[in-house]
Each structure stands twice: as C-alpha cells, then as structure tokens.
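In: heads up, no residue letters with this:
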C-alpha cells in the first residue's frame, strides 16, 4: 500500500505539442500538478487552454512530448481501469443494456459471471437506474446516460475518475442534480476526481481546488483552494467573491487571446 | 431529445382521411396489413394481366401465356402432365441450388467477415490486401466462368466458387465500412475499462459493425442468387440454373419462366429470414429496431 504522503497523481512538467499542417501547436506547456488521494480537483479554463489534453494525458490516451504523469509514483503508460474516464458524449456501448454497460469493465477483466452481475446490480442501484437496467442507451435521457457512464467506471474499481466536461451537454436542472449526486458519491466513496469544465460556477461548487488554465500555449496559471463549507450555497457572498475573481481572470485570458 | 424515444410508438396521425377515431381504431389496425399486402401485389397482378392479354390465343407467340406456365410449374413440381425429363424434378433442382447458394454464401461469410474485420482495423492488412481486392472486385462473375472451370474443374466445385465470389465482395466491403465507421470514442471507452488488443475485436468491433455487416450479408445473399444461373453453367446436371439452361436449349420457355419464378421466390424468402435474424440481433439500434 502506498504511503499516505505520496500523491495519487503527480504531473511533472508535462508538455504536449501537435503538428497540424506543418505548424507546431503547443496544446500544453510545462504543466505541474499534484493531486492527493480523495481530492476533488477542477481544471478550469477557456477553450484551447489544454485542460482536456491534460486530462487525456493522465488517462493515458495521449503521450506527453515532455515530462511525465505518475500515478502512485508509477508513470502512466496507457489507459487503465484504475483511471476511469467519463466523456462528455458518454461513450456508452449502444448494443449493450445499462446492466451490461456497467458490467463491461469487470467482465473485460475476467471476473466470474456471477460477480459481474452482482457488481452491476450494486452500481445500478447506486445511481438509481433499477427501472432502466434492461434499457439500451438510445432509450435513456442524457442525464441517465451520464449516470451509467459514471457507474461503469466505479463498478470497475477506478481510483481516479477523470471527467471531461461530463455535464456540458445536459440541461441546467439535470446538471445541478448530477452535480449533487456526484458530490454525494465522492464523499461516500473517497474517490479522487479530476474534473474538466469551462463553467466557473460548476468549478467552485464542486472542487477542493480549482486549477485555472490559460490558452496560447495551454498552461496552468494559478491554483485556488476553495475552502467554503459543503454543500455550497451558490448565492452566498463568499461564493460570489470567488466567482468574480475567477471570472476576471478568465476574461483577461480572452482579451489577451484576442489581442 | 432521446428521452422520449423510449416511449411507446404512437400510431401515425390519420393519413387515410377523416374516420371517427375510437371506433375506427381497431378496424384501422386490421386494415393496415391488408393494405400493405394489396399494394405489394398490385404491380405483379398488373404484369400478369398484361402478359396474359399479350400472349393468350396466339399460337406463334414465343412467350407462353401465364396459364401454360402454371401448368408447366405443376408438372415440374409433382408431374402428371407431360411426364417428360422435367416432370417432378423441381425439388431436386431447387435443393441443389439452395445448397450451392447457402454453401457459397457460407464460404463468403467465413472469408469475408474476418478479412473485412482485419482490413478495417489493422492498417498493414489494409495496405496489403485492399488494392488487390479493389482491382479484382469489378471483374464480373461471368468473366470468371472459364477460369473457374480450369481451376476447379467441371461440376459443383466451380459452382460453389462462383457463388462464393458473388457473395464475397458485398460482405467484405460492408464489413470494412462498418469497422471503419466505429466511433473512435468506443475504443477509448473499452481501453480505459480494461478491454484492449484483440479482445476489442469481439467485444467492440464486431457488435459496433454489426448493422453494416448485416447489410452486407443481405446484399451478399442476394448476389448469391443472382449468380446462381452463371454458377450452374459449369456443367452441373441439377440446379435451377442448370434447368434453365437446359430448357433454353430445348426452347422450353415455360420451364425457363418457372425457373425464374422459383429463384425469385426462394431469394425473397431467404432475404426475409436474414433480415428477421438481423432485426432481432440489432434491436438495440434505433435505426434498425
């Protein structure tokens, strides 16, 4: 078992550049960040700031041009069930039922059928989709699909949940409900969450720490501890102060980019 | 959004005009399949009528009238009319052709499916095989006939080969297309859930490509029937194609037409079977359910 002092994620001076039509584009430059076990960290920034690239590097979908990302001190060298990803467009398997989507991970890892079934049932219940266990993804609303996507990474024993604007395609009511559900799951399970968003309010509402990123080239600008008591009141003065401060920073990126 | 798509499918709004809704509802449900059947039969009935009027009572017509073909069909099926070489041979011919169609089709699935999956998913296999298939594909099955008979000899083996060839390309092309249009996101999802490498073939590639593969199977089976006549020009004694070719040489046009009708009917039934199986397997797909 790793010592408690070792961070679960250790991102060391990571850069990623792409070549598009002969031009080099720095998607991410020199990003350094550590995440402690059980922390909820939001990556916040305008488009092009490299927040999704950073997440995909941690997931193992991309390889860094420079630097490295470590999990429990071991370099990330590809996708792994310990780092579960929740995509904005769900990425559910349309030919599988809710139950089989959630059981996909355990089954892939060779768990016995009875155990797969039992695990799937437990996580179906956890996200409240008992009535839809035999439905296929196309029969579900966006909110339900995202519950399935979350349940399937939890059912697969993910220690870190990587979320790439997971609620970006949902309506405001559904988004708020899922934010509450996610915080509830997080506080009950001791998960570590790395959550990408461009919504300031969402970041302040969810995160222990907000990592502010800026574009051109994408990089980490500042890190803000959010020590408001939970469940956070989005209408409180303290919340509003944070919102104003982060909005000011975000807008300065915009004007700088335009200039 | 998609939330509503799971709801029961509502009957389409009245298209047939004003009917008092509650009373007409049950009637309309009965009428709908009858109407579909009538519409489907209208054109064949009309063709039959034109055929009858154009040929009946003309002794020098090269095309026999429908009634004569019907008599020939009965003789072909059970005998008792002409009692010649064709009498009561229909089942033998039909079974021989069915065996060749499904045998050739089965071979085409056996080769087309795995090769298609590999071409679609493995770049080096694509680079190795795709150019060759692209060049061979436009060559008509008829053109292969002489070569097939040299390679596989006179008889059923050449017939199987030609049917196989007809069914192979549609299955291959649609499988490749299906594999290449799998959303890349699904591979990422599978990988982060612990399903990687060759396991992805079975658990992601195959099911995701299944709608397109089924299109290929239907087309392939259709082509297998289309080429059966050419396939049975290889010197086989039985089969609907062989029967047609023999009847042609004897100027027994009514037997030729019987053969055409039976091929059409068997082709139709086998397509229905494949498409029913497909619909069951693809009930998850909003565009196939």
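Out: All right, it came through fine. Being a predicted model, the structure only gives us computed values, none of them experimental. Residues are numbered from 1 along each chain as shown, chains lettered A, B, ... in the order given.

In: Enumerate the residues of the stretch 1-150 of chain A near chain B.
Out: A:59-61, A:78-81, A:83-85, A:87, A:89, A:91-97, A:104-105, A:108-109, A:135-136, A:138-142 (C-beta under 8 Å from any C-beta of the partner chain). All C-beta spots, glycine's among them, are computed from the backbone N, C-alpha and C.

In: what are the ranges of the helices in the stretch 101-250 of chain B?
Out: Using DSSP state H, counting those that start in this stretch, the helices of the stretch 101-250 of chain B run over residues B:123-136, B:141-152, B:156-180, B:184-192, B:199-200, B:206-226, B:228-231, B:240-249.

In: Work out the gap between the fourth one and the centre of the chain.
Out: Chain-centre distance of helix B:184-192: 34 Å, with C-alpha atoms, centre = their mean, to the nearest Å.

In: So which elements touch that helix?
Out: strand A:83-86, helix B:199-200 (3 or more C-beta pairs under 8 Å, 6 or more residues apart in numbering or on different chains; DSSP states H and E).

In: Could you point out which of these sits nearest residue A:222?
Out: strand A:83-86 (25.1 Å; C-beta to C-beta).

In: who does the closest one touch, helix- and strand-wise?
Out: Other helices and strands packing on strand A:83-86, by 3+ C-beta pairs under 8 Å, 6+ apart, are helix A:51-59, helix A:142-154, strand A:160-164, helix B:184-192.

In: Would you mind finding the most buried of the helices and strands packed on helix B:184-192?
Out: The highest mean neighbour count among the helices and strands packed on helix B:184-192, using mean count of other C-beta atoms under 10 Å in any protein chain shown, belongs to strand A:83-86: a mean of 27.

In: shaky segments in chain B?
Out: B:1-25, B:288-289 (pLDDT under 70).

In: what residues does it put near chain A?
Out: B:1-3, B:5-6, B:183, B:185-186, B:188-196, B:199, B:203-204, B:207-208, B:210, B:283-286.

In: Any of those residues buried? List them.
Out: Among these, those that count as buried by neighbour count (16 or more other C-beta atoms under 10 Å in any protein chain shown) are B:186, B:188-195, B:203-204, B:207-208, B:210, B:284-285.

In: quick one: which of those residues is nearest to residue B:273?
Out: Of these, the one sitting nearest to residue B:273 (C-beta to C-beta) turns out to be residue B:210, at 16.9 Å.

In: who touches the closest one in this structure?
Out: A:95, B:178, B:281, B:282 (C-beta atoms under 8 Å, 6 or more residues apart in numbering or on different chains).

In: which ones are touching residue B:206?
Out: B:117, B:213.

In: if I look at the residue nearest the centre of chain B, how far off is residue B:162?
Out: Compute the mean C-alpha point of chain B, and by C-alpha atoms, centre = their mean the closest residue is residue B:222, 2.5 Å away. Distance from residue B:222 to residue B:162, counting by C-beta to C-beta, to the nearest Å: 15 Å.

In: repeat for residue B:213
Out: 23 Å.

In: now swap in residue B:243 and tell me
Out: Distance from residue B:243 to residue B:162, by C-beta to C-beta: 17 Å.

In: for residue A:212, same thing?
Out: Taking C-beta to C-beta, one finds residue A:212 at 68 Å from residue B:162.

In: Those two: which has the busier surroundings?
Out: residue B:162 (28 against 22; other C-beta atoms under 10 Å in any protein chain shown).
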